[in-house]
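1. Sequence and predicted model, in that order:
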Amino acid sequence: MARGVPMQRVAVVLFNLGGPDAPDSVRPFLENLFTDPAILRVPGFIRPWLGRFIARRRTPAASENYAILGGRSPLLDLTEAQAHDLQAALNEAGGAEYRCFIAMRYWHPMSDATARAVREWGPDRVLLLPLYPQYSTTTTGSSVTAWDEAAARAGLAVPTKTLCCYHSDPAFAAATAAAVQTAYEAARAALAPEVKLRILFSAHGLPESIVKRGDPYQWQVEQTVAAVVERLAIEGLDHIVCYQSRVTPQKWIGPSTELELERAAHDKTAVLICPIAFVSEHSETLVELDVEYREEAERLGVPGYYRVPAQNSDPGFIAALRDLVRRAEADDRPLCSFAGARQCPKPFGDCPHARARIRAPELA
Ligand SMILES: C=CC1=C(C)c2cc3[nH]c(cc4nc(cc5[nH]c(cc1n2)c(C)c5CCC(=O)O)C(CCC(=O)O)=C4C)c(C)c3C=C
Ligand SMILES: [Fe+2]
Ligand SMILES: [Fe+2]
């Protein structure tokens, strides 16, 4: 760097869903979630009322789950650790000064506060990095919309790129496969040789209607599983993709993880559950998978129940994020800067994010 020329400043904003930080925040967190038009797709005039109604109904069950975790979600602490490690990895290489920020969608720190903090830091450019490997209108799409509005309110007007999806990124898939391989070998060693073992790649579900309207999430989840399986050294691997965390009465995509537990019990096969659309531990892994589904598996007589940990701050995962950021920086396409977006399915053009923003506002 020539003397006197300041280094460029790059703000990397990590998106995640957020979770309550105290028992009292469960209900307002759920209200924020269920009044999001990307989640509750009903006419605008009814949404605030219906969203608050659903949130009130859901609060006791969600509170019980968070009580098991000490009354709060661990998601923010884990995201802060990821941000810390990613910032160190990005700055190690030099070239620019990187600072990682966090914008949660439904609980603090949310986009408005983060956009103001980013503006105060005074970056030359911003990169939005969803901690969702697969694009969904309900997650990344919703976070990008919220960010755009917050950035405008904060008067943050610097070039901004969005890393839309990295479902099949080789380094991400390799880091995930390494964790699956380790967990599979440990489970295999704990089981009697005659007991069969099946991997259930369990992703967060979505209402089927959202997928039918063009959400690429399910397709991208399947791409991730294919990319991970390709990297596993397991002879005769038995695996399936399934979907968990259904929270509304409509039809959701399947097969459900519960149904796969029933099938495993019927087949007298042990299961290794691999969360495939979450990159951090939170209530849906630590309670739903580790407590509820485990108990259900025991009740059904599944001969073994094991789980792959979420990536959290796994060095291979952080290195994958670092390389994605660097590649996004080097690519000058304005909307989706990730080369892997070319792998998005044909109906979405080059990238669902581009389509959501340009051609199909109903998906935004
Ligand atoms: C219609 C409802 C929901 C859709 C669609 C949905 C999609 C979706 N969510 C994640 C990841 C997370 N969800 C989390 C919590 C959470 N999600 C919903 C509802 C929908 N999610 C609710 C009601 C809740 C609150 C918890 C509960 O009541 O059970 C979380 C964070 C949880 C935490 O512990 O902090 C994450 C992360 C994805 C990936 C996704 C679709 C692709
Ligand atoms: Fe969710
Ligand atoms: Fe994409």
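-> Cool, got the structure. Numbers count the residues shown, from 1 in each chain. Ligands and ions are numbered 1, 2, ... in the order given.
2. So for the residue nearest the centre of the chain, what's the nearest residue that isn't a sequence neighbour?
-> Centrality entry for the chain: nearest residue to the mean C-alpha point is Tyr132, 3.0 Å, by C-alpha atoms, centre = their mean. The shortest distance from Tyr132 to any non-neighbouring residue, by C-beta to C-beta, 6 or more residues apart in numbering, is to Thr139 (4.5 Å). Any C-beta I mention is one placed from the backbone N, CA and C, and that applies to glycine too.
3. how far away is the one you found from Pro216?
-> 12 Å (C-beta to C-beta, to the nearest Å).
4. now Ala177
-> Per C-beta to C-beta, Ala177 is found 22 Å from Pro216.
5. Pick out whichever of those two has more residues nearby.
-> Pro216 (26 against 21; other C-beta atoms under 10 Å).
6. That one against Tyr135, yeah?
-> Yes. Between Pro216 and Tyr135 a contact is recorded at 5.8 Å, counting by C-beta atoms under 8 Å.
7. picking up where we left off before, so the residue nearest to the centre of the chain makes contact with Ser142?
-> No. Look at Tyr132 against Ser142 with C-beta under 8 Å: they stay out of range, at 10.2 Å.
8. if we can go back for a sec, which residues touch the residue nearest to Tyr132?
-> Counting by C-beta atoms under 8 Å, 6 or more residues apart in numbering, Thr139 makes contact with Phe15, Leu17, Arg105, Pro130, Tyr132, Tyr217.
9. Next up, phi/psi of it, please.
-> Geometry field for Thr139 lists phi and psi as phi -120, psi -80, criterion degrees, to the nearest 10.
10. So which bits of the chain are right by ligand 1?
-> Contact residues (C-beta under 6 Å from any ligand atom) of the chain with ligand 1: 17, 19, 30, 33, 39, 58, 62, 65, 73, 75, 132, 136, 138-139, 204, 206, 217, 247-248, 277-278, 282-284.
11. Would you mind giving me the PyMOL syntax to select the buried ones in those?
-> The PyMOL selection below is limited to those of these classed as buried (16 or more other C-beta atoms under 10 Å):
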select buried, resi 17+19+30+33+39+58+62+65+73+75+132+136+138+139+204+206+217+247+277+278+282+283+284
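12. So which of the residues of the chain next to ligand 1 are in helices?
-> Among these, the members falling in helices (DSSP state H) are Leu30, Leu33, Arg58, Ala62, Asn65, Leu75, Tyr217, Ser283.
13. what about Ala157, distance to Arg119?
-> Here Ala157 is placed at a distance of 9 Å from Arg119 (C-beta to C-beta).
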